[in-house]
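Engineer: predicted model and sequence follow; I will ask about them next.
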Amino acid sequence: MRFIHIGDTHIGNVYKNDVRNEDVKNSFRQVVDAAIKENVDFVVHSGDLFNEGNPSLEALLFVTDQLNRLKQAGIRVFIVPGSHDVGMGDEDSIVELFDRNGLLVNLNSRRYISNEESGFYLTGETYRNAFICGVRGKRSKVENEIFKRLNVKINDKAWIRIFIFHHTISALGEQFKDLDTESLPRGFEYYAAGHWHGHRDNIKFDKGIVQYPGSTEYCDEKEIVDNPNRGYYLIDYDEKGIEKLEYCLLKTREKEIIRINADKKVALDIENEALAKLSKNSGKILVIKIDGKIFGKKGELNVGHIKKEAVDLGYSYVSVNTAKIVDNDDNVVDIKENELNNVESDFLRSRGYNEDAIALAKMLIDATSNKNNPELIKRQAEELFDKYDNKRT
Ligand SMILES: [Mn+2]
């Protein structure tokens, strides 16, 4: 028997860029192609099927078509909703719609769950001698609590037991965790994990392994720079358990990462240096990362100009990261600004805002404090919305 494990496919508007959103779809299509070609018995998806909890009609139709291809090939899909698959304030996930239409199995559909005083009871499905169950991604702290009260009715007779979840566990690094690794239920051979967009496998837990396939496409600049590969797992199993496990690569767009040091250079020199490194191409992804101490002001750098030239040369996606540039002014106001920043953050935190919202508010405050230069405010506002839009896991 054989299955594919994927996660974080994020169908929808990951980018404000049609070419890249098509790439996101194309990766999903490649996985469906592979599932059919490899003649798998089923597909396991560890959440974030969609990028938004209320996807566009186009995204819904695309996913419907791809799931129908799998259905026609006799391949079932098992999923738990991810953090992106649920709309604001909604209890049910968009994934449930597909469950009711018979195109996939939502393992967190209410028929698998019973929340009682004595605990949170979970069942799953046994299919082709594999027992599969899971817990959906987190929308609030409640989901973490579920793990503490979790009782799973495991099928001991299955050849393999698969637990799907959508959290970053502490084994990935304490600073990233939204769940202690030890909180996972025991007794499974394969832990199909999602939410972490990087690819990490073979994390040992109990008698099994935790596997993060990562997202099927790069969803932001950080992923483009940090994580070289996108892919999925192909797993063979028999009555003795997992027989063979392979990480298969997806074909993604070529990318170019340019690093520039700004030390002692004026804005125009940095701009020219960046432009000189670009070349005509047919749709590469481009990330320019600039760091160091600029001569003059950071705001003088015309990022919009670099972006426009790059797009004209054919790059499909351009990101110019100036976050690591230091101004001449920075040292002088360091202490004062730090204190002010803390006061602002503490206040917002006391009002219950989360860290993302606080970061956005602070960026807005920074941008509007440059009162004398409307062009600069406009440019910074555009950049900060870009950054906020692309910030997702
Ligand atoms: Mn995700």
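Structural biologist: All right, it came through fine.
Engineer: going forward, measure contacts between C-alpha atoms and count neighbours the same way
Structural biologist: Noted.
Engineer: any regions of the chain where pLDDT drops low?
Structural biologist: 140-143, 328-341, 350-352, 366-393 (pLDDT under 70).
Engineer: run the last query once more with 80
Structural biologist: 87-91, 139-144, 227-228, 328-393 (pLDDT under 80).
Engineer: tell me the domain boundaries of it?
Structural biologist: Here the domain parsing of the chain from automatic domain parsing is 2-249, 254-328, 329-393.
Engineer: in CSV: those domains, plus distance to the ion and mean neighbour count.
Structural biologist: Formatted as CSV, the domains of the chain follow (distance: least, C-alpha to the ion, whole Å; neighbours: other C-alpha atoms under 10 Å):
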stretch, distance to the ion, mean neighbour count
domain 2-249, 4, 19
domain 254-328, 20, 16
domain 329-393, 4, 14
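Engineer: which stretches of the stretch 51-200 of the chain form strands?
Structural biologist: 76-79, 105-106, 113-116, 119-122, 125-127, 130-135, 150-152, 160-165, 190-193, 200-205 (DSSP state E, counting those that start in this stretch).
Engineer: now render the ones you listed as JSON lines, adding distance to Asp48.
Structural biologist: Output for those, formatted as JSON lines (distance: least, C-alpha to C-alpha, whole Å):
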{"stretch": "strand 76-79", "distance to Asp48": "9"}
{"stretch": "strand 105-106", "distance to Asp48": "12"}
{"stretch": "strand 113-116", "distance to Asp48": "20"}
{"stretch": "strand 119-122", "distance to Asp48": "21"}
{"stretch": "strand 125-127", "distance to Asp48": "21"}
{"stretch": "strand 130-135", "distance to Asp48": "13"}
{"stretch": "strand 150-152", "distance to Asp48": "22"}
{"stretch": "strand 160-165", "distance to Asp48": "11"}
{"stretch": "strand 190-193", "distance to Asp48": "11"}
{"stretch": "strand 200-205", "distance to Asp48": "17"}
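Engineer: can you report how many residues neighbour Pro251?
Structural biologist: Actually, residue 251 is Lys rather than Pro. Neighbours of Lys251 under the rule other C-alpha atoms under 10 Å: 15.
Engineer: for it, what are its contacts?
Structural biologist: 27, 230 (C-alpha atoms under 8 Å, 6 or more residues apart in numbering).
Engineer: looks to me like it is in a strand.
Structural biologist: No - counting by DSSP: H, G, I helix; E, B strand; the rest coil, Lys251 is located in no strand; its state is coil.
Engineer: how far away is it from the ion?
Structural biologist: 19 Å (C-alpha to the ion, to the nearest Å).
Engineer: which SS class is Asn281?
Structural biologist: Strictly by three-state DSSP, Asn281 counts as coil.
Engineer: surely it is in contact with Tyr315?
Structural biologist: Yes - in this structure, Asn281 is within contact of Tyr315 by C-alpha atoms under 8 Å, at 6.5 Å.
Engineer: just the helices in the stretch 151-300 of the chain please.
Structural biologist: Listed in chain order, the helices of the stretch 151-300 of the chain (DSSP state H, counting those that start in this stretch) span 221-226, 267-277.
Engineer: the ones you listed into a markdown table, with extra columns for distance to Lys362?
Structural biologist: Below are these laid out as a markdown table (distance: least, C-alpha to C-alpha, whole Å):
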| stretch | distance to Lys362 |
| --- | --- |
| helix 221-226 | 21 |
| helix 267-277 | 25 |
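Engineer: quick revisit: intersection of neighbour lists for Asn281 and Tyr315?
Structural biologist: Shared contacts of Asn281 and Tyr315, defined by C-alpha under 8 Å, 6+ apart, are absent.
Engineer: which one of the strands of the stretch 51-200 of the chain lies closest to Tyr218?
Structural biologist: strand 200-205 (15.1 Å; C-alpha to C-alpha).
Engineer: list of residues touching the closest one?
Structural biologist: Here strand 200-205 makes contact (C-alpha under 8 Å, 6+ apart) with 171, 181, 209-214.
Engineer: assign Ala34 to helix, strand or coil.
Structural biologist: helix.
Engineer: swap that for Asp23, sorry
Structural biologist: Quick answer, by three-state DSSP: Asp23 is helix.
Engineer: now do the same contact list for it.
Structural biologist: Counted by C-alpha under 8 Å, 6+ apart, Asp23 has contacts 217, 252-253.
Engineer: could I get those as TSV with distance to Ala59?
Structural biologist: Shown next, in TSV, are the contacts of Asp23 (distance: C-alpha to C-alpha, whole Å):
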residue	distance to Ala59
Glu217	15
Thr252	20
Arg253	21
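Engineer: now flag whichever of those is closest to Asn101.
Structural biologist: Glu217 (26.7 Å).
Engineer: can you pull the phi/psi pair for the closest one?
Structural biologist: The phi/psi pair for Glu217 (degrees, to the nearest 10) reads phi -140, psi 160.
Engineer: who touches it in this structure?
Structural biologist: 9, 23-24, 27, 230, 252.
Engineer: check the residues you listed and tell me the two furthest apart.
Structural biologist: Thr9 and Thr252 (13.4 Å).
Engineer: find the residues that touch each one of the two.
Structural biologist: 27, 217.
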